[in-house]
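In: this one's structure only:
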């Protein structure tokens, strides 16, 4: 159990660094190129992991599963990356981390609206707390808070940035739920490898033709290192650590660690981006973390009450590796 806590703590720190690293990358490299290098690095790392683990032989997916995997890559990788990275460009690192931490809440809403799961009082309260926390962050970030103006972002630009980040949250929720419809589910590391590889292919042409893109790449070694880092450390190492821990802890603990990601992101944004922490940041983070924890606890209780039922929301709170 202690080893699982160590792994999840390290994974939380790595996930929290994603937005900070992305903001530093976007100061020099454009979105398509940065995402292509990240996904290609992640795919190479995951291919190594899958090869070393030597699981059962690969089987060609059915036409239906192949279409679902393409849809996952298109929505959960391509569209997510565009919305998330453009949103990061227009908002502060602290605000970005809090908004993107709403993914478990979005997944819970999708499960209620489209998968027939019950909207309990505890789940409703968790959703309400998290949405309120995000609203506090968003409203104050777009009314002259210092972090909203980070890297020259205007108040109007901050609104667009928050809208794009919320779109990214929706893309992630769709991505997570699509995996449940595969007729032959893949192990998490293999699914992540396939989706990261397909996502990288989708970014090859845009990265080649965008201004200052891959065909005109003259980036510093620090930017190249950060792009590779986001793929290997975050999409690869952090996700593998999370998945390796899931068999040793229940969904409540996993949800609690997931909710701590914006906290680590906030600390890193203060250290590396020079952003200031304000009272509304603390209030927003507290509400979001409490909401995510309530939703995760609800999933854990439901799983204990129905041990034979397929795991759903409890598994979905764990971060994925497609990013």
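Out: Arrived safely. Being a predicted model, the structure only gives us computed values, none of them experimental.
In: quick one: contacts for residue 56?
Out: By CB atoms under 8 Å, 6 or more residues apart in numbering, no residues touch residue 56. C-beta: built from backbone N, CA, C; applies to glycine.
In: can you pull out the helices in the stretch 1-150 of the chain?
Out: 2-25, 31-53, 63-72, 80-90, 93-100, 103-114, 121-141 (DSSP state H, counting those that start in this stretch).
In: now the fourth one: mean pLDDT?
Out: So the one you mean is helix 80-90. Average pLDDT, helix 80-90: 87.
In: what does the longest one give?
Out: Mean pLDDT, taken over the full extent of helix 2-25, equals 82.
In: same question for the last one.
Out: With pLDDT averaged residue by residue, helix 121-141 scores 78.
In: list the buried residues for the helix or strand just after that helix?
Out: Once helix 121-141 ends, the next helix or strand along the chain (criterion: DSSP states H and E) is helix 155-178. Across helix 155-178, burial judged by 16 or more other CB atoms under 10 Å covers 157-162, 164-178.
In: which secondary structure elements does helix 155-178 contact?
Out: helix 63-72, helix 80-90, helix 93-100, helix 103-114, helix 121-141 (3 or more CB pairs under 8 Å, 6 or more residues apart in numbering; DSSP states H and E).
In: residue 114 touches residue 177, doesn't it?
Out: Yes: Residue 114 is within contact range of residue 177, at 7.2 Å (criterion: CB atoms under 8 Å).
In: just the helices of the stretch 1-150 of the chain: most buried one?
Out: helix 93-100 (a mean of 30; mean count of other CB atoms under 10 Å).
In: for the chain, what's the longest helix?
Out: What stands out as the longest helix in the chain, according to DSSP state H, is helix 279-305.
In: now it: average pLDDT?
Out: Helix 279-305 comes out at a mean pLDDT of 75.
In: what angle do it and helix 93-100 make?
Out: 30 degrees (axes from the mean of the first three to the mean of the last three CA atoms, to 10 degrees).
In: which elements pack onto helix 279-305?
Out: If you count contacts as 3+ CB pairs under 8 Å, 6+ apart, helix 279-305 packs onto helix 93-100, helix 103-114, helix 121-141, helix 251-259, helix 261-272, helix 313-316.
In: out of those helices, which is closest to residue 286?
Out: Nearest of these to residue 286, taken as CB to CB: helix 121-141 at 7.0 Å.
In: so what touches the closest one?
Out: Counting by CB under 8 Å, 6+ apart, 91-92, 94-95, 98-99, 102, 105, 108-109, 112, 147-148, 158, 162, 278, 280-281, 283-295, 297-298, 301 sit against helix 121-141.
In: and if we set it to 6 Å?
Out: The contact list for helix 121-141 (CB atoms under 6 Å, 6 or more residues apart in numbering) reads 95, 98-99, 102, 105, 148, 158, 162, 280, 283-284, 287-288, 290-291, 294-295, 298.
In: tell me the angle it makes with helix 93-100.
Out: Helix 121-141 runs at 150 degrees relative to helix 93-100, counting by the same axes, to 10 degrees.
In: wouldn't residue 96 be in contact with residue 19 here?
Out: Yes: under the criterion of CB atoms under 6 Å, residue 96 makes contact with residue 19 at 4.6 Å.
In: and for those two, which residues touch both?
Out: residue 88.
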